[in-house]
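Asker: I'd like to go over a predicted model; first the sequence, then the structure.
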Amino acid sequence: MVACSWDALLAYSTVKIVRIQDRRVGLVHYAFLLGIVGYIVGFTILFQQRYLLLQRPVGAVRVSLQSPQTRGQVPMAPTALPYCLQAQNETHGFPNRECLYWDENLLSTSGGYSDGRTSMTTSPSPQFVSTRVTQTNQVLPNCSLEKPTCTYVDVNSTEHFVADIGNFTVMVDHSIYAPKVGVLANSRELPGGLLDVDGHTVRDHAEGDSVGVRASSNRSRSLRDDGLVVLVFITYSNTHTYSTGSIRYQYSLRMVENTKFKAVQPIYTKNIENRVIWNRHGIRFIFLQTGELGAFDFATLLLSAVATLVVDVFALHLLKSGRAVYSKYKFLPTPTYHAPPHENENRSVVLRI
């Protein structure tokens, strides 16, 4: 049986370094080395911020709708609104309709609340804002719903636009959570936000005239008639500077082309024999939280390389008994390019170009 020593069992592999003493090769070597270091440090680490652990945040959005009357403002008169029938019969080829002044409780299909000072209609994302409403009164014609042939009959129908819808305010309150990077924040607490106050009119959100009568979803109806879908992207970032403690967010809006939106709402007053159907068309805001949040991440270090480096330092500099022997085999120098090699040198490498 062959005896096996502990030194042989615990032997490990390491990288052998040969010192090539040639100025031309050294110049090329250090030029490439500087280029690699510049690419890694300057472009990859500093510019692309690859040292960060990135995570897409999740969160919630609360939307509040408020009318000009609730804010204490006087709405525009119907004669001053170009889409109202009280002002003219048509606008840009589209028929006008009678305008009615609704508050936020009538305007949205979601529930409302009152805090004693202001009345708001709130809902989670998304938010629907009515622009045209068709009101149809229906009755049951002396029959019971127990019979399959009993259906509601239309009595009369009226159609109107919501007046001064462009001056309604959509207030947005949003919060985010990114557990991997340790971020939990509310929009009111985020420093460096591009929008300091989350209060924007419907006209601001809908990019002005894009919801007016001049923009049409087909040849016969305006977007005010048909409704539309608007995507509101809330993009978060804390990588705009080298300090990840500063979180910013910004809004960007995209109108989905060739889309309509409506919501049908039945209203029962006294009994089921009489009801009112509100066929609402309007703007549907869909809020989407996106972006990336980052934090410093040291887990990407290669543990094996670090372990080898620690062992090499220990063997070459700290271990007194074998330091000279280990260093002799770890670093193997070559003779200079202009000096002839020694005749008895058996551990040197002669580089010939």
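Answerer: Thanks, I have it.

Asker: where are the low-confidence patches of the stretch 201-350 of the chain?
Answerer: Within the stretch 201-350 of the chain, the stretches with pLDDT under 70 are 201-219, 240-244, 296-350.

Asker: domains for the chain, by residue range?
Answerer: 6-51+300-333, 52-296 (automatic domain parsing).

Asker: end to end, how far does stretch 76-90 reach?
Answerer: Chord length of stretch 76-90, first to last residue, is 18 Å (C-alpha to C-alpha, to the nearest Å).

Asker: Look at Ile286 and give its secondary structure.
Answerer: Using DSSP: H, G, I helix; E, B strand; the rest coil, the structure places Ile286 in strand.

Asker: Just list whatever residues bridge to it.
Answerer: Leu231 (DSSP bridges).

Asker: how many neighbours does it have?
Answerer: Counted with other C-beta atoms under 10 Å, residues neighbouring Ile286 total 16. Quick note: C-beta positions are derived from backbone N, CA and C, even for glycine.

Asker: so it makes contact with Val229?
Answerer: Yes - Ile286 is within contact range of Val229, at 6.6 Å (criterion: C-beta atoms under 8 Å).

Asker: ok, which stretches of the chain are helices?
Answerer: All helices of the chain, identified by DSSP state H, fall at 6-9, 23-37, 104-107, 202-205, 223-226, 303-313, 323-330.

Asker: Can you give the contact residues for the first one?
Answerer: Okay, so that is helix 6-9. Applying C-beta atoms under 8 Å, 6 or more residues apart in numbering, helix 6-9 has no contact partners.

Asker: what is the mean pLDDT for that helix?
Answerer: For helix 6-9, mean pLDDT is 76.

Asker: Using CSV, write out every CA atom in that helix.
Answerer: Taking C-alpha atoms only, helix 6-9 is exported to CSV below (Å, rounded to 0.1, in the frame of the first residue of the first chain):
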residue,chain,number,x,y,z
TRP,A,6,-1.4,14.8,4.9
ASP,A,7,0.4,17.4,2.7
ALA,A,8,-0.6,15.4,-0.4
LEU,A,9,-4.2,15.0,0.7
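
Asker: ok, now how distant is Leu27 from Leu33?
Answerer: Distance of Leu27 to Leu33, given as C-beta to C-beta, to the nearest Å: 11 Å.

Asker: before we move on, what about Leu65?
Answerer: From Leu65 across to Leu33, the span is 62 Å (C-beta to C-beta).

Asker: which one of these two has more residues nearby?
Answerer: Neighbour count, other C-beta under 10 Å: between Leu65 and Leu33, Leu65 has more, with 25 against 10.

Asker: Does that one touch Asn105 like I think?
Answerer: No - taking contacts as C-beta under 8 Å, Leu65 lies outside contact range of Asn105: 9.1 Å.

Asker: Residues in a beta bridge with the nearest residue to Leu100 once chain neighbours are set aside, which ones?
Answerer: For Leu100, ignoring the flanking residues on the chain, the nearest one in space by C-beta to C-beta, 6 or more residues apart in numbering is His160 at 4.9 Å. Beta-bridge partners for His160, by DSSP bridges, are Glu98, Val133.

Asker: Pull the contacting residues for His160.
Answerer: For His160, the contact set (C-beta under 8 Å, 6+ apart) comprises Arg97, Glu98, Cys99, Leu100, Arg132, Val133, Gln135.

Asker: Just give the nearest non-adjacent residue to the last one, would you?
Answerer: What that stands for is Gln135. Of all residues not flanking Gln135 in the chain, Thr158 sits nearest, at 5.1 Å (C-beta to C-beta, 6+ apart).

Asker: how much space between that neighbour and Ile277?
Answerer: When distance is defined by C-beta to C-beta, Thr158 is 11 Å away from Ile277.

Asker: what's the answer for Asp173, then?
Answerer: From Asp173 across to Ile277, the span is 33 Å (C-beta to C-beta).

Asker: Please apply the same query to Asn96.
Answerer: 23 Å.

Asker: who's more crowded, those two?
Answerer: Higher neighbour count among Asn96 and Ile277: Asn96, with 19 against 16, using other C-beta under 10 Å.

Asker: Tell me if I'm right that the more buried one and Glu90 touch.
Answerer: Yes - using C-beta under 8 Å, Asn96 is in contact with Glu90, at 5.6 Å.

Asker: what about Asn167, how many neighbours?
Answerer: For Asn167, the count of nearby residues is 17 (other C-beta under 10 Å).

Asker: Could you do Asp103 as well?
Answerer: Applying other C-beta under 10 Å, we find 17 residues neighbouring Asp103.

Asker: Gln135 now?
Answerer: The tally of other residues near Gln135 (other C-beta under 10 Å) stands at 16.

Asker: Identify the residues contacting it.
Answerer: Gln135 makes contact with Ser157, Thr158, Glu159, His160, Val276, Ile277, Trp278, Asn279 under the criterion C-beta under 8 Å, 6+ apart.

Asker: Adding distance to Arg254, write these out as TSV.
Answerer: Shown next, in TSV, are these (distance: C-beta to C-beta, whole Å):
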residue	distance to Arg254
Ser157	34
Thr158	34
Glu159	29
His160	29
Val276	35
Ile277	32
Trp278	28
Asn279	26
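
Asker: which of those are buried?
Answerer: By neighbour count, with 16 or more other C-beta atoms under 10 Å, the contacts of Gln135 hold His160, Ile277, Trp278, Asn279 as buried.

Asker: Spatially, which two of those residues are the most separated?
Answerer: Farthest-apart pair in these is His160 and Ile277; separation 14.3 Å (C-beta to C-beta).
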